[in-house]
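**Student:** the sequence and its predicted three-dimensional model are supplied below.
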Amino acid sequence: MSELLALTGLTKRFGGLTAVNAVSFSLERGEVVGLLGPNGSGKTTVLNMISGFLPPTGGRITLNGDAISGLGPNHIAKMGVARTFQLVRALPSLTVAENVIAALAFGRQKLWDAVARDAALHHLSAVGLAGRADQPAGSLTYIDQKRMELARALAAEPELLLLDEWLAGLNPTELKTGIDLILSLKDRGITVLLVEHVMDAIRALCGRSIVMNAGRKIADGPTAETLKDPEVVRAYLGD
Ligand code: ADP
């Protein structure tokens, strides 16, 4: 395996609040890693810095060895980093296929309109949604909105996919579908960093987990061990 992403001393301050405090970790290519921690511990801020939505106050991020800290979201997307958001960001009056075509424009592929639909259908098939391509996105059920969100992220042909509570709010049957979908990404060699509160999903998906508390990284290792770490248990009980 080789290193895809590395964070070194990554820090973000909002006024007097240090939301992310000197966090360092790296991801090997092909890993599926959980980023855990109580509410307000800084997880989403880390994702926002990796994906370029927030500039770091300090520290460094590299992708394939190249510094990406401080680059904007479109630039970072073109380098192979895609993400989902906690709130699904669909364009409800466009069709499902059109939503994915809109996402293609932000990715690494430059496509003529004539082939854009084929590419969109390819990504929709990968998430089991090709049959709904021509429906308005606003008519989708919740799990299908999640599928479309994932297809939009995949449209960027990412090497690294950041999932921000993508499994939240799914019922047990949908959760199994969602977990299987993420496993299929792993089979495709996509590296995944997922912020997630659903512990069953973390155990099923993440060989390794990183835990944050109050802006700091407090644990990083095999998920089964990390979840038993006394400092991690204390952090969750104190939430
Ligand atoms: P988590 O994702 O672990 O719940 P966040 O990264 O969302 O945590 O937030 C970490 C801390 O930073 C919280 O105290 C939050 O209120 C604060 N924070 C996040 N974004 C901003 C912002 N844009 N401006 C000011 N404070 C923020």
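**Tutor:** Done, it's in.

**Student:** close to the ligand: what parts of the chain are there?
**Tutor:** Proximity of the chain to the ligand, by Cβ under 6 Å from any ligand atom, involves residues 14, 17, 19, 37, 39-45. Using the backbone N, CA and C atoms, a C-beta is placed for each residue, glycine as well.

**Student:** most widely separated two among those residues?
**Tutor:** Spanning the widest gap among the residues of the chain next to the ligand are F14 and G37, at 17.1 Å by Cβ to Cβ.

**Student:** for those two, indicate the residue with more neighbours.
**Tutor:** G37 (27 against 11; other Cβ atoms under 10 Å).

**Student:** by contact count, what packs against the helix or strand where L162 lies?
**Tutor:** L162 belongs to strand 160-164 when elements are defined using DSSP states H and E. Identification of packing neighbours for strand 160-164 by 3 or more Cβ pairs under 8 Å, 6 or more residues apart in numbering; DSSP states H and E yields helix 43-50, strand 81-83, strand 191-195.

**Student:** between these, which one is closest to H75.
**Tutor:** strand 81-83 (9.8 Å).

**Student:** partners of the closest one, with directions?
**Tutor:** strand 160-164 (parallel) (DSSP bridges).

**Student:** domain map for this structure?
**Tutor:** 1-80+158-239, 90-157 (automatic domain parsing).

**Student:** let me see the mean pLDDT of the longest one.
**Tutor:** Model confidence over domain 1-80+158-239 averages 94 on the pLDDT scale.

**Student:** angles on the backbone of A77, please.
**Tutor:** The phi/psi pair for A77 (degrees, to the nearest 10) reads phi -60, psi -40.

**Student:** contact partners for the residue nearest the centre of the chain?
**Tutor:** Ranked by distance to the mean C-alpha position of the chain (Cα atoms, centre = their mean), the top residue is L162 at 1.6 Å. By Cβ atoms under 8 Å, 6 or more residues apart in numbering, L162 lies in contact with 47, 50-51, 81-84, 192-195.

**Student:** the strands in the protein, which residues?
**Tutor:** 3-14, 17-28, 32-36, 58-63, 66-67, 81-83, 160-164, 191-195, 208-213, 216-222 (DSSP state E).

**Student:** I appreciate the help and will end here.
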